[in-house]
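J.: How does the following fold in three dimensions:
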Amino acid sequence: MIKLKYENFIKARDYVFTNGDDINRAWFRYLFEDNDTDTFLNVLAKYQYENGGFGGIYYEFDYQGPCLKTTEIAIKYILNLKEKPSANHPLIQNMMKYILDLYIPEIGNWGEVVVPEVNDGVHCYWVRYRGEDTQPIENEEERIRKYSANEKVCFAAFVSYYSELVPKELYNDIIKYPTEHILRYWDKNSPEYNKDIFAEGEPYDLEYFQWFVPCLKDKETSDKLTSILRQNPTAFMELDFAKSDNEYVHLPCDVVGHPDSIVYPAVRNLVLDSLKYRMGQQINDGRWLLGWSFGEDEALKKLQTKYETYRTLTMLEKLDRFDMIEK
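T.: Okay, the predicted model is just below:
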């Protein structure tokens, strides 16, 4: 198997340590030096606010306060730890309170993932506060049909993983909507199957569902959802890898980024081939470029540097998971 040369790994490491922040450096040390969960969590806790939400670890806006979008990144770190913190950990308990406080039962989901203050600072145009639509959806069937997994189902994954912190009735309500949405609208054998999801949809839902399904406590349900998500795994993938040189596209390894992914067995060769292609996109200073621009404004360029540092670290993490880095 082709692997990232050790000298290229060192270049990427040096880029992360030069351009990254405390959480980037802490995550690198966790992944490649010590696997010390407590040390990493101590750093992550510095980005948690009194209300339990996180700020300052997302790089498409410069707003540093708490919001769900940044809290999503904290969930990603936690779920990717080899040894997860217990439900008694104060970081987890405060985080759960924040997430549950923002759940909207009347729509069966969370609302806007950013706050109005994001718009006051430097931000990418695609990540902005668009106003909150919390109009109740009275019909439960309609809540299921309209369920939006993009960004939001990761909170349901966190709720499921730490279900002992959630009142049973509320837990069942939160889990019901994404579960039923997959069962009804993603399954080719369902009378309610919606093929337009695959013809017109974007890859985000499939990416986020891969967080959610493994966290479910009910193995029978988890297995059923897994089989459904494997039915049409390439629908959201760009299979012309060269388009990723200059366009925002999702290659197989972008959609399925872990060998333990529930979808990986269905697209193994595509994932490995696209990882090799991504590996070749590393530039001489060690980083992986986005392939698109945040904008020409100097403040946006600074944000892009932060994001490309995070992307570089994410690429190292992904290559390491697939044993594609020379030791």
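J.: all helices for this structure, in order.
T.: All helices of the chain, identified by DSSP state H, fall at 6-19, 22-29, 37-44, 68-79, 90-101, 140-145, 153-161, 168-185, 196-200, 204-212, 219-229, 252-255, 268-279, 298-321.
J.: In terms of mean pLDDT, which of those ranks lowest?
T.: Lowest mean pLDDT within the helices of the chain: helix 196-200, a mean of 87.
J.: about what we covered before: compare the helices of the chain and report which one is nearest to Cys124.
T.: Nearest to Cys124, of all those, is helix 298-321, at 7.2 Å by C-beta to C-beta. In this view, the C-beta of every residue, glycine as well, is placed from N, C-alpha and C.
J.: For that closest one, enumerate the helices and strands it packs against.
T.: Judged by 3 or more C-beta pairs under 8 Å, 6 or more residues apart in numbering; DSSP states H and E, helix 298-321 is in contact with helix 6-19, helix 22-29, helix 268-279.
J.: Alpha carbons only: can I get the last one in PDB?
T.: Taking C-alpha atoms only, helix 268-279 is exported to PDB below (Å, rounded to 0.1, in the frame of the first residue of the first chain):
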ATOM      1  CA  ARG A 268     -13.500   0.100   0.400                       C
ATOM      2  CA  ASN A 269     -11.500   0.300  -2.800                       C
ATOM      3  CA  LEU A 270     -12.900   3.700  -3.700                       C
ATOM      4  CA  VAL A 271     -12.000   5.100  -0.300                       C
ATOM      5  CA  LEU A 272      -8.500   3.800  -0.500                       C
ATOM      6  CA  ASP A 273      -8.000   5.000  -4.100                       C
ATOM      7  CA  SER A 274      -9.300   8.400  -3.200                       C
ATOM      8  CA  LEU A 275      -7.100   8.600  -0.100                       C
ATOM      9  CA  LYS A 276      -4.100   7.900  -2.300                       C
ATOM     10  CA  TYR A 277      -5.200  10.800  -4.600                       C
ATOM     11  CA  ARG A 278      -5.700  13.100  -1.600                       C
ATOM     12  CA  MET A 279      -2.300  12.200  -0.300                       C
END
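J.: What residues of that helix count as buried?
T.: Within helix 268-279, the residues that count as buried by 16 or more other C-beta atoms under 10 Å are 270-279.
J.: Kindly report the same for the first one.
T.: Judged by neighbour count (16+ other C-beta under 10 Å), helix 6-19 contains these buried residues: 8-9, 11-13, 15-16, 19.
J.: And the contacts of it?
T.: 24-25, 28, 32, 282, 284-288, 305-306, 309, 312-313, 315-316, 325-327 (C-beta atoms under 8 Å, 6 or more residues apart in numbering).
J.: Put together CSV for the helices and strands packed on helix 298-321, with distance to Leu251 on each row.
T.: Below are the helices and strands packed on helix 298-321 laid out as CSV (distance: least, C-beta to C-beta, whole Å):
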stretch, distance to Leu251
helix 6-19, 19
helix 22-29, 23
helix 268-279, 4
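J.: Right, I'll call it a day here.
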